[in-house]
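>>> okay, here's the prediction I keep looking at, along with the sequence it came from:
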Amino acid sequence: MEDEEERDTQPILKRKVEKVTKYDRDYIWGLVQDQFRREGFSETASEIAMTDFERIYQYALDNVRFVRRAEVLAEFVFNGLYSVWNNRVRKGGG
């Protein structure tokens, strides 16, 4: 009974990605850009796909939990940008 009470009063920890340095942001930008090139995007197409980088990157920082490596965050950002790209192409705007 005492253990249950202690557990009920303990805060639930929810960790977000915090205090990403400029180096991390630039590193993630580079990883995402490289992934677009590996997917066969031309330099111009990859630059266009990256136009929403700031928005998707900030969304990732605000919403992705328990990210331990920049590469995992970069993968999330890439998937978001790739989704935006596919939506634009389907609508004829990409």
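Yes, it's here.
>>> can you map out the helices along the protein?
With DSSP state H, the ranges of helices along the chain come out as 2-9, 22-38, 43-49, 53-63, 70-91.
>>> could I get the ones you listed as TSV with mean neighbour count and mean pLDDT?
The C-beta positions use only the backbone N, C-alpha and C, and glycine is treated the same way. Output for these, formatted as TSV (neighbours: other CB atoms under 10 Å; pLDDT from 0 to 100):
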stretch	mean neighbour count	mean pLDDT
helix 2-9	8	54
helix 22-38	15	92
helix 43-49	15	95
helix 53-63	15	93
helix 70-91	16	94
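>>> list of residues touching stretch 27-42?
Counting contacts by CB atoms under 8 Å, 6 or more residues apart in numbering, the residues outside stretch 27-42 that touch it are 43, 45-46, 49-50, 53, 57, 70-71, 73-75, 77-78, 81-82.
>>> and which of those is nearest R90?
The closest of those to R90 turns out to be Y82 (CB to CB; 12.6 Å).
>>> quick one, what contacts the closest one?
Y82 touches 36, 39, 49, counting by CB under 8 Å, 6+ apart.
>>> so how far is R25 from it?
Applying CB to CB, to the nearest Å, the value for Y82 to R25 is 19 Å.
>>> R38 too?
Taken as CB to CB, the span from R38 to R25 is 20 Å.
>>> please apply the same query to L61.
To R25, L61 is 9 Å away according to CB to CB.
>>> check V84 too.
When distance is defined by CB to CB, V84 is 18 Å away from R25.
>>> and F53, by the same measure?
The value you get for F53 to R25, if CB to CB is used, is 9 Å.
>>> could you do A49 as well?
Taken as CB to CB, the span from A49 to R25 is 17 Å.
>>> wait, what's in contact with the residue most central in space within the chain?
Centroid check for the chain by CA atoms, centre = their mean gives V77 as the closest residue, at 3.1 Å. Taking CB under 8 Å, 6+ apart, we find V77 in contact with 28, 32, 53, 56-57, 60.
>>> nearest to K91, of those?
Distances from K91 to the contacts of V77, taken by CB to CB, are shortest for I56, at 17.9 Å.
>>> identify the residue spatially nearest to the closest one, adjacent ones excluded.
G80 (4.0 Å; CB to CB, 6 or more residues apart in numbering).
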